[in-house]
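# pasting a predicted model and its sequence here:
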Amino acid sequence: MAEVIAKKSAAPDRSAKELEEERAWWWVAEKKRSPRLDYLRKATWKKGRRGGEYEPGTKIDLESPQLFTESWQENEGDPIHLRRAKALTHMMGKRTIFITDHAQIVATEANLPHTLYANAEAIGGEIYNDPIIIPEPKEESLQIMSDSANYWRTRSNLLELVKVLRAEDMGKFITATLMWGLPVGGSFGYSGKDYEYIFGPDQKVGGGKGFEDMINDIQEKIDEAEDQLDSTPDGAELNLYEKLPNWESMQIALEGCINHARRYARLARIIAENFEPDAKRKEELLRVAETCERVPAKPARTFQEHLQMQHFIQTWTRLEALESAWPTRPDYYGWPYYNKDVNIDKTLTKDEALDLVGESLIRAYEMGHFLGRGGAEALQGIVGTWVWTLGGVNKDGSDACNDLTTAFLQAARMVRVSNPTFGFRWHPQVKDEVMREIFECIRQGLGYPSIRNDPVLIANGMYWHNHPLEEMRTWVHQACMSPAPTTKYGYQPARMASATMNAAKMIEYALHNGYDHTLNMQMGPKTGDARQFTDFEQLFEAWVKQMEWLMNFGVRIVNIGRVKSHENWGRPFLSGISERSVESGWDAVDPKSGERGNSWITFFTWVENADSLAAVKKLVFDEKKYTMDQLLTALEANWEGYEEMRLDFVKNAPKWGNDDDYVDDIMVRCLHEVSRHSHELKDPCGNPWPVLPENVSGNIHFSNRVHALPNGRRLGDALYDGGLSPGPGLDKKGPTAVLKSCGKINHISDGRAFLLNQRLSPTQLAGEKGYQLWKAYMKTWADLGLDHVQFNMVDDATLRAAQREPEKYQELIVRVAGYSAHFVDISRKTQDNIIQRTVQGLG
Amino acid sequence: MPRKKSEWDQLKQGYLSMQEQFKTKEEREYVPEKSCGKCKNFFASTGNTTGHCLILKVGSDIAANPPVFVLDGEVAMMSDITMDASPCKYYEEMELVDTDIGEAFDPRYSRHQRQMMK
C-alpha cells in the first residue's frame, strides 16, 4: 500500500537539501512527509473559492438539506430548538458517509469529498444561481433547489430578523457597503467552546466528559425541573416550559452525534472485515471503528480518540451553524493524551503521532460549506478563518508549550495547508527551541503562525470584558484575532461577522456630509459641508460624529441579531456541550445563559482614516496649499484630471508607519475617540464593544465601495491590508519605524487587537544569522507592547513567477491578513496588493 | 397618529416581497434581453441577485405601464438582476470586463450568476 501511494509523488528529482536551498518548500514538504500523509494531503478537495469561483468539479451537497427539510416539515409544531435537533439528527443519521483511503480520522461537513455543505434555508438564491456547483443531473437538481427555495422563502432565519430591523437600518445594511456578513450570529457565527467542561479543567486523560455524561447531566436537570413542576407553583416554574424542550433538544443532538460516530465505526468495521486486503490498513480501520465506538459517547483515552473527539465536535457545530472560525487550543488540550501515548505508555511513536497531527490538519482543511460571494470576496481562497491557538501559559502562568506544540509546527510544514493556520501565544518564558520552530514555519513561507503577545492580550481581556486572570489564561483565537477564554462563562457562543464595519466610510462621510458617492445615497448623518470647514478641528469633529454613527448603526443591528438568534435558530448541539446551558436550560446563544460577553467590532479599512486626516490637515489647513473646495472637487471626480494634486497627497502628506508624530498622533487621537465610544456601546451581555482593526481580504472586497480619499487613493484601488499595517510601499523608514508607530497605541485599552502585516526578505533571513535578526526584531516588538504581528517571507520573483505560471505554484502559500491562502487562489488584485507590500530589511 | 411610511419603509416592504416571492424554476431561469443585471446603473449587493439602482429612487416602477421614474429622494430603488429593464429609459448596457471574476473582483463589472452567462 505504502509503495503504491509513494509512487504518486511529483516532487522534482532532487534531494530535500537541494530543494531547501532553492526554497522550494512545497517540494521539500512532499519529500519529508510519509506516503500516507502525502496521499491524504493530495486526496483532499479545495473548498475555498479560487478568486471568486469554485473549482470545477466542486458541487453542492443537496442530500443534506433535503434530509433536513424532510424532518423540518414532519415536526412543524415543535419548538424551534427541538425541531432543529431532530432535523440535524435525522440528516446525520441518514446521510451518505465515507472514509477516505488511508484516513485514521473521519467525518466531514458535507456528504462527499467534493461537495460543499449548505443550510437548507440557503439553497435558493445565490447557490441556485452559481455557475459551477449545481450537481448533475442539472435540471433535476435545479428543480429540487427551486422547490426548496419556495419552501424556505417565508421561513428563513435572516428574513425573520429583517422583519424586526428598523426600515432605515435594514435598507442601509443591505447595500453591503457599511458592514460585512450577516447579522445572524447564532447561525453563521464563530462559536467558541466550553473546553474546560468538555476536556476537563485539569488537563488529564479521562478528566473530561463524554456525551453520555453530558446527556446524564441534562437528565438530572430535566428530573429536577419535573419535580419542580409537580410542586406548588410560585411563578418560578414558568420558564421551565421553555427550558424543558431546550434540554430535550440538547439530548437529541448529542445522541445524534453519538449515532453518527457509530455509523463510521460500523462502516470502518465492514470495510476492514470484508473488503480490505492489506493487513496494516485493516488494523487501522479496526482502530477507527474502535475509536468511533468510544468517542464522543465516552471521554477519550488515547491521542487518536482525542483528535477524533475534537473533530466530531467541530463537524457538528459546523453542521448546526456553518461556523466560519475554529477556536481551539490543540496543543494544550491534546497534551495529556499525546504525553501518555508517546512518552509514558509508548503505544505511539513520535512519528506516528506527528502523522496523526498532520492528518488532523488535513481533515480540517477538508471541511467546507458554501460561502456566498460577499463572504468569499473577503475570505479569498478559504472557507473560514480557522486560526488554531498554540503556546501560551497554563492557568498558573507557567509556560504551556510542550512537545505537541512542536509537533503541530512541524506537521504544518509537512502538510502545508492554508487553513487551519496557527496563532502563537508568545510570552517571555517561551524557549528558544520553540521560537526556532515558529521561525522555520515563517521562513518556509507558510505565513503562520501569527505571533500574539500573551501578557498584553491577557491584560486586554481582563480590561475589556472582566475575565478573571485564570480564565483569561485559557484564551483561544475566537476568529482571526480576538482572544476569548474557553471557560463556562467566558467562552463566546456566537460572534457575528456583521459586527464588521467598513471604517474608511468615517472619513469619506465626514468629507461629504454623510453622502455616499459610490451609492448615490445619503447614508451617514449630515455633519456639515466640508467646503465650509475652516480648520482641522471642524473636520475632526465631523469625523467623530460619523464614527459614532457608524458604530451605533452596526452595533444596533448586531445586538438585535444576537438576541433574536436563539429565537429564530437555536444551537441545541452547542448548548449540549456547554456547561452553563446544561445547567441553566437556556440556549448557548441566549445571553440569559450567563455569558460574560466578549464582543468586538472588526474595523476593516481603518488606517485610511489617519492617513487621510493627516493629509487634509497638512496640505489644506497647515500649509494651505489647497482649499477644501479644491480637494472635494478632486475627490468627487475620483481624482480624474487632478493627477498631479493626487500625487502630492500621496507623496507629500505624512503617512502612518514612519514613526512620524504628525500622523501617528492623529491615529492615537482617533483611537482614543473610538475607545471612548466603545465603552458607551453595550452588547446584550452588558459588555462594551472594543474595536479590532484588521481586513482579512476586505481591503479588496470594499475597494469598489469606498470612494476616493485624501490619502491619494482612488475608487477601485485596493485599500490598506492590515489593521495597523501602513499602506503598501508607504512605510519608508524601515521596520523599526513601523514598530514604533504601532507602539504609540495602547494595545490594552485602545482596542481589542490590532493586525500588523510585515514582509521580510527570505534571502536576508536565511541561516542562523537570519534567525538572530528576526529574534532581535521580535524583542523590539515585544518591548513596545504590540499585540500581533505576522509575516510573509516569499520573494517578489517567486510571486511574479506564480502569477505567470500558476500551474507550477499550486502549493505556494501567502499570508493575506488574519489568514493564509494559496497564492493561486486569491484574485489578481489581492496578489498585486501582497507584492506591493514593503519588504522590510532587518538589522 | 400612525407614523407616516418613509421611503425606507417602502424599500423594506419591496425587499421583503422580493424575498418572499414564489418563483417557478422557469421563472428563476429567465433573464430578459435587457435586464437590470446588465445595466451600468445596477449596484449589486454582494453575491445574491438583488441590488439597487444608482439613478432611480424609491417609488419608481419600471414594470408599470407607463413606467414610473422617480429621480428625487434619498433612497434608491431595489432591483434584481433578472428584472426586465427594457422599459427603462435610463438603461445603459455595460461591458462585463471581469469574465472570470478573478481579475477586478468588482461586482459592478462582473455578473457571475449562472443565468447571466447564457
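Looks like it came in fine. Here the structure is a predicted model, which means the values were calculated and not measured.
# what about the closest residue to A:Ala737 other than its chain neighbours, distance to A:Gly841?
Leaving aside its chain neighbours, A:Ala737 sits nearest to A:Asp659 (3.9 Å; criterion: CB to CB, 6 or more residues apart in numbering or on different chains). Just so you know, the C-beta spots here come from the backbone N, C-alpha and C atoms, and that holds for glycine as well. According to CB to CB, to the nearest Å, A:Asp659 and A:Gly841 sit 16 Å apart.
# neighbour count for those two, which is higher?
Neighbour totals were compared for A:Asp659 and A:Gly841, and A:Asp659 leads with 19 against 12 (other CB atoms under 10 Å in any protein chain shown).
# list the contacts of the most centrally placed residue in chain A.
For chain A, A:Thr385 is the residue whose C-alpha lies nearest the centre (CA atoms, centre = their mean; 2.5 Å). Neighbouring residues of A:Thr385 by CB atoms under 8 Å, 6 or more residues apart in numbering or on different chains: A:Tyr190, A:Ser324, A:Ala325, A:Trp326, A:Leu379, A:Asn419, A:Ala479, A:Cys480, A:Val696, A:Gly818, A:Tyr819.
# among those, which one lies nearest to chain B?
Nearest to chain B among the contacts of A:Thr385: A:Leu379, at 12.0 Å, using CB to the nearest CB.
# that older thread, so the residue nearest to A:Ala737 sits right up against A:Pro735, yeah?
No. Judged on CB atoms under 8 Å, A:Asp659 makes no contact with A:Pro735 at a distance of 10.7 Å.
# next one: phi and psi at A:Gln522?
phi -80, psi 110 (degrees, to the nearest 10).
# now it. Nearest residue, chain neighbours left out?
Closest residue in space to A:Gln522, ignoring its immediate chain neighbours: B:Glu74 at 4.6 Å, by CB to CB, 6+ apart.
# can you check A:Arg95 too?
Using CB to CB, 6+ apart and skipping the chain neighbours, the partner closest in space to A:Arg95 is A:Asn111 (5.2 Å).
# and A:Arg413, by the same measure?
A:Gln444 (5.5 Å).
# residues making contact with the helix or strand bottoming out on mean pLDDT in chain B?
Ranking every helix and strand in chain B by mean pLDDT, DSSP states H and E puts strand B:42-44 at the bottom, with a mean of 86. Contact with strand B:42-44 is made by A:175, A:518-519, B:36-37, B:50-54, B:76, B:79, B:81, B:107-108, B:111, as judged by CB under 8 Å, 6+ apart.
# what of stretch A:829-841?
Contact partners of stretch A:829-841, identified using CB under 8 Å, 6+ apart, comprise A:380, A:697, A:699-700, A:703, A:718, A:721, A:725-726, A:728-732, A:734-735, A:738, A:757-761, A:764, A:792, A:795-796, A:799-800, A:802-803, A:814, A:816, A:823, A:826, B:103-105.
# tell me the buried residues in the longest helix along chain A?
In chain A, with assignment by DSSP state H, the single longest helix is helix A:240-274. Residues of helix A:240-274 classed as buried by neighbour count (16 or more other CB atoms under 10 Å in any protein chain shown): A:240, A:243-258, A:260-261, A:263-265, A:267-269, A:271-272.
# tell me, how many residues neighbour the residue nearest to A:Arg95?
Using other CB under 10 Å, A:Asn111 has 19 neighbouring residues.
# my guess is A:Tyr332 contacts A:Ala400, does it?
Yes. Contact criterion CB under 8 Å: A:Tyr332 and A:Ala400 qualify, at 5.6 Å.
# touching both of the two, which residues are there?
Going by CB under 8 Å, 6+ apart, residues that sit against A:Tyr332 and also against A:Ala400 are A:Gly392.
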